[in-house]
Each structure stands twice: as structure tokens, then as C-alpha cells.
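**Q** Have a look at this fold, sequence not included:
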Ligand SMILES: Nc1ncnc2c1ncn2[C@@H]1O[C@H](COP(=O)(O)OP(=O)(O)OP(=O)(O)O)[C@@H](O)[C@H]1O
């Protein structure tokens, strides 16, 4: 590690990582870490290396790290969810490296570029996002932080949802406003559902559907639909655009302050969605936005329903829109917060379990019966109101079998109440490979999970959830300025790399590094909120977004536990009182 200048400058990627991965350039930076493009020196595979700094800094961060890894393991086999290839612990035991499949860019960067997304691209992005969300929701998990920068894209317009740090299992979540562990909701403000802004304790899949509505609106408009500058301003913007909620709708969100705030805000001038979005927006696009951006979370379209909407009809194929047949429940419930040390140990235990070859018995896990419609979501209803999304996944459709992560599984029955921790069957496996395919010790480095080469190939395979819509159903969906590429293309790395030379879509935030170690100041990394303000504006959109709007929208995600909902996530009583006093 090198020290340079006044700020302590460190080499960000440790030797045991750079010996395994040749770091190429920085791809992005979030509140929690830095992501680099890299090449696996052994296999030549192009990957993304995400270093989470101080991953176990406090209980909230430790829980976030734990959740992110656990949920990624469970859902990463879906074609539209980013695949976690490897987890490597840092030598300092504080940071952690996550190795992902590599993607070319993210939706935020693409939207910022202007006119890259044609109508068909927007439909295809939406389709894939809905597919990923349907899959998550069928496992009774909500992502809670869907936003353009968490939607990764390839030049062939294939989509992968990433960043599962805020995901949570609905089966482990009690509707309990008094539970302090439920108050750390920090999803980026612009995509936050009104019930969350109003302090509702109801966590539903509708939270994600709201965010998806905002994302579609942003693709259509070319900029954020509701760029609120504070939680109050966010609700104002929302309520001035969407259909007015009925008193029952307002009641449904169970917000202590909701009714009075909403009544006041509805008196303000309205700019309905159809006006907000340009007249050029196709009617089916507007219709979908209006059906997603509905005040009452129970009245928003579900992911399964939205997949049946005319806007994505061109791509819709129930056989390729799988659902999980069971609920995903982490071995540590979301309502339980362990100590930092316990989280770290629990994660490392998995590593050690793998290293000693005692990983769980793959195959022992019983597939849980899937209901007749091929999914386990009791909330899911078909568009025509004929029950439970029957057309989503008909019998015999491509339904992934449960894999073998170290998450506990629980049978889902629509009438079942959330299962307690004691009731869940916990199985431990190699969480990354889902198979005892070997423990690898990096040269000179600490132990880490290892996924065998080949399992991470980006060549379309017959894994569960894979779909080849990009090639078979949607020709010419590559993202090139000036319209779809005429040439047919594959999804190979070589193509992406070639395209990177000229394709305006492919990001070029950072110059290639001369060597694997990139330098930034330790102080900057450890004092994130200050760092974000101090960070200079960058040429490319992702970082500009993060240094300004995104971060301010999210607040400081590393604020102390318990302060989130008050400061950033929802409106607190004082704010409301002020608002009510100050407005007519
Ligand atoms: N697999 C990947 N391939 C290419 N780029 C990626 C990949 N994963 C992440 N990125 C880039 O890095 C950015 C930050 O990643 P990520 O959202 O996982 O970090 P984070 O610290 O959790 O962010 P946030 O501040 O949103 O919580 C993404 O917006 C994206 O631009």
C-alpha cells in the first residue's frame, strides 16, 4: 500500500485481488463502494469488482452487506439479475470484494446521454425490469432501491438489476412501526413511494412497482419525473401529478400524518402525468405509467400484471417469465439485527465452511410446491381480475428450481403467516457456487469463495430464468447512437469491447489504470458524506448524478441506525407540523 500526499492515499485494490483480477478501469462509485472493470487472469473473463469499504462498520452496514450477498446468491441465476461470481474478504477484515459479471453501463448514464433509447429500447428495458421484479416478488422479496443507476445495461440492451443492499424478505417483516430495525429505509427519494414518504409502516411489493413507474416516466421524459428536493417537496410533486387518492386510499397506507398532509397538498395546482409527459409519449406508455403511479399500493399493477400490459406485449412470453416457488428468507431475519461481529462471522463462517469442504448437501433442499399458477405470490392478480395471475406462468413453464444458497427456505402458502426464524429450515452450502466446487486460496491472500470458470460465462445457457429474448424476439436492440445497429451482434465480451471504442453508450469515466492499484484518499472513503460533497464534477453522468442529485436524494445512507426515516426516508412530525402551519 502506498501513502501519498497530505490525504492518506492507498492502493484501493489489494494484492491478492490484483493477482487474480487485472483491474482495467473504474466503472462507477456508489455510497458503499467502488466498482471496477477487471479481467480474471486465469479465465480471461471480464468481470466487475466491487469493493465495499468498511463493509461491517456498524450494524446497519453489516446487515446491508450480509443482505446484499445473501439475496444476490439467491436471485443471481435470473437472466435479468446481476450474477455474483465470487466473494473475497479483504486482508483488513473490514472491506469486502464482490466479483460480478460485467455490464457495459447503467440506465442512468444512458438516459443522460439523451436520445440513445428509442421507443423499442424503452419497452424492452421495461419488460426485462418487470421480469426481474416478478421473480424477486415471487420469492416474497422486495428490492426497495430500484432506480436507473441500479439497472445495468449491455450494448445489446439486456438489463440486469443490481444493488440488493436494501432488499428485504416480506416474510420476515412484521408491520411494526415500533420496530427500530424497520426504520432504516433509505431508497433514493425520487423513486420512493408516497406511503414510505408519509411514514407508513406497510412494506409491500408496491414499493418496487412505484419505483418502476418512476423509472418508466424517466425513460419517457428523459429526466427524473419527480425530482423532489426534500421529502415534503417529493410528496408535493407526486400529488400534483397522480390521480387524487380517495379517503380509503389514504387510510390504506396507515400513515399517522398522511391524511392532513395530503388534503393540504391536493389544494395546490395540479400538473397531471399526461401533461408532465410530453404529448409524444405513446398512449400505452402513458397508460402503464398511470397504472403504476397509483397512490394506493394495493391498486398499483403487480409485476405479473404489468408484464401483460400492451406496452410490453411485443416481448411478453409467460414461458420466459419465471417465478420462484418458495419464499426466500435469510438465515438472519430482517427484524433481527445482529452485532457487527456476528454478521461478519456469519458471513465468514460460510467461507470457512466452504474451505473445509463441509458445504451443505446440494440437492437435499426440496423444491417447494408451486401453486397452480406457477408462483407463490398471494397478492398477484391478473389484469383482467380473474384471480391470481394465471397467465403469468402457465403450467409447464420455465420455473427455476430452488438452488442451494445458505438461505433458509420456507414453504409459501397464500394463507400462511410469516414464518418465524425457528420454523425455517436452514441449509448451508457454498453460497456462491451452490456446489462444492472447490475452495481457492488466493496467492498470499485470505480465503474466498470461488466459482468455477464456466459457470459465469455470459454465453446464454440453459440456466433457470435465462431467456434469449434479446436475440430471438427483439432483433436490432443494440444501443447505438443514431438508431439500432444494422449488424447482428452477439452478447460476447469481444463485441462489447469493440463497441466500447465508438459506442457512446459505453462509459469512459476513468482512464485505464496503469496497474491494478488505484489510488484515492482513505479519508475520502471513510467520510462518505463529506466526500460526496467534495467530489469534483465529472465528465460522465453517473458520477455527476451521485455527487449531486442521487446522493442528496438518498441522504447519507450511512447515517446511524434509526436516523434514516426521520432525516431522509419519511417525513417526521416536526416537518409536518411546520408544513401545516406554514401553508394555507
Ligand atoms: N456488474 C457491474 N458491471 C458494470 N458496472 C457496474 C456493475 N455493478 C455496478 N456497476 C456500476 O457501479 C455503480 C455502483 O454500483 P452499486 O449500485 O452496486 O454500488 P452501491 O455503492 O451499492 O451504490 P448505491 O450508492 O446506489 O447504494 C452502478 O450504478 C453501476 O454504474
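**A** Okay, I see it. Just so we're clear, the structure is a prediction, and the values are computed from it rather than from any experiment.
**Q** Next to the ligand in this structure, residues from the chain, please.
**A** 27-28, 30-33, 35, 48, 50, 82, 100-103, 106, 149-150, 152, 162-163, 165, 542 (C-beta under 6 Å from any ligand atom). In this view, the C-beta of every residue, glycine as well, is placed from N, C-alpha and C.
**Q** how close does the nearest residue to residue 252 once chain neighbours are set aside sit to residue 134?
**A** Nearest non-adjacent residue to residue 252, counting by C-beta to C-beta, 6 or more residues apart in numbering: residue 296, 5.2 Å away. Between residue 296 and residue 134 the distance is 20 Å, computed by C-beta to C-beta, to the nearest Å.
**Q** which one of those two has more residues nearby?
**A** Taking neighbours as other C-beta atoms under 10 Å, residue 296 and residue 134 compare with residue 134 leading, 28 against 18.
**Q** Surely the more buried one touches residue 308?
**A** No. At 10.7 Å, residue 134 does not count as touching residue 308 under the criterion of C-beta atoms under 8 Å.
**Q** For residue 46, grab phi and psi.
**A** The phi/psi pair for residue 46 (degrees, to the nearest 10) reads phi -80, psi 130.
**Q** In this structure it contacts residue 39, no?
**A** Yes. In this structure, residue 46 is within contact of residue 39 by C-beta under 8 Å, at 5.7 Å.
**Q** Between the two, point out the one with more neighbours.
**A** residue 46 (20 against 16).
**Q** Which pLDDT value goes with that one?
**A** Here the pLDDT value assigned to residue 46 is 98.
**Q** Next, count neighbours for residue 17.
**A** Residue 17 has 24 nearby residues by other C-beta under 10 Å.
**Q** Nearest residue to it in space, please, no chain neighbours.
**A** Going by C-beta to C-beta, 6+ apart, residue 17 has residue 97 as its nearest residue, at 5.7 Å.
**Q** For that neighbour, list each beta-bridge partner.
**A** residue 51, residue 88 (DSSP bridges).
**Q** need the contact list for it.
**A** 17, 49, 50, 51, 52, 86, 87, 88, 89, 90, 448 (C-beta atoms under 8 Å, 6 or more residues apart in numbering).
**Q** so which residue of the stretch 201-350 of the chain comes closest to the ligand?
**A** residue 211 (12.6 Å; C-beta to the nearest ligand atom).
**Q** Show me which positions of the host helix or strand of that residue end up buried.
**A** Residue 211 belongs to helix 206-221 when assigned by DSSP states H and E. Within helix 206-221, the residues scored as buried using 16 or more other C-beta atoms under 10 Å are 206-220.
**Q** pLDDT averaged over it - what is it?
**A** 97.
**Q** And stretch 60-69, by the same measure?
**A** Average pLDDT, stretch 60-69: 88.
**Q** And stretch 83-92, by the same measure?
**A** Mean predicted lDDT for stretch 83-92 stands at 92.
**Q** Quote the end-to-end distance of that stretch.
**A** Taking C-alpha to C-alpha, to the nearest Å, stretch 83-92 runs 25 Å from one end to the other.
**Q** That stretch: which residues count as buried?
**A** 83, 84, 85, 86, 87, 88, 89, 90.
**Q** State the distance from residue 88 to residue 205.
**A** 33 Å.
**Q** ah, wrong one, I meant residue 213
**A** For residue 213 relative to residue 205 (C-beta to C-beta), the value is 13 Å.
**Q** rewinding a little: quick check, the residue nearest to residue 252 in contact with residue 253.
**A** Yes. Here residue 296 lies in contact with residue 253, judged by C-beta under 8 Å, at a distance of 7.3 Å.
**Q** just to revisit the earlier point, other SSEs contacting the helix holding residue 211?
**A** Helices and strands touching helix 206-221, as assessed by 3 or more C-beta pairs under 8 Å, 6 or more residues apart in numbering; DSSP states H and E, comprise helix 107-112, helix 119-138, helix 194-197, helix 273-276, helix 283-292, helix 303-306.
**Q** For the ones you listed, could you give me JSON lines that also reports mean pLDDT?
**A** Converted to JSON lines, the helices and strands packed on helix 206-221 look like this (pLDDT from 0 to 100):
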{"stretch": "helix 107-112", "mean pLDDT": "96"}
{"stretch": "helix 119-138", "mean pLDDT": "98"}
{"stretch": "helix 194-197", "mean pLDDT": "91"}
{"stretch": "helix 273-276", "mean pLDDT": "94"}
{"stretch": "helix 283-292", "mean pLDDT": "98"}
{"stretch": "helix 303-306", "mean pLDDT": "98"}
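**Q** closest to residue 342 out of those?
**A** When the helices and strands packed on helix 206-221 are compared by C-beta to C-beta, helix 119-138 sits nearest residue 342, at 26.2 Å.
**Q** After the closest one, which helix or strand is next?
**A** strand 141-142.
**Q** And the following helix or strand past that following strand, what does it pack against?
**A** The helix or strand immediately downstream of strand 141-142 is strand 151-153, counting by DSSP H and E. With contacts defined as 3+ C-beta pairs under 8 Å, 6+ apart, strand 151-153 has these neighbours: strand 105-106, helix 107-112, helix 119-138, strand 159-161.
**Q** Present those as TSV; the columns should include distance to residue 341.
**A** Listed next are these as TSV, based on distance: least, C-beta to C-beta, whole Å:
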stretch	distance to residue 341
strand 105-106	34
helix 107-112	36
helix 119-138	30
strand 159-161	31
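**Q** about what we covered before: pull the contacting residues for the residue of the stretch 201-350 of the chain closest to the ligand.
**A** With C-beta under 8 Å, 6+ apart, residue 211 has these contacts: 143, 145, 146, 147, 187, 191, 192, 193.
**Q** how much space between it and residue 324?
**A** Applying C-beta to C-beta to residue 211 and residue 324 gives a distance of 20 Å.
**Q** cool, residue 315 as well?
**A** For residue 315 relative to residue 324 (C-beta to C-beta), the value is 21 Å.
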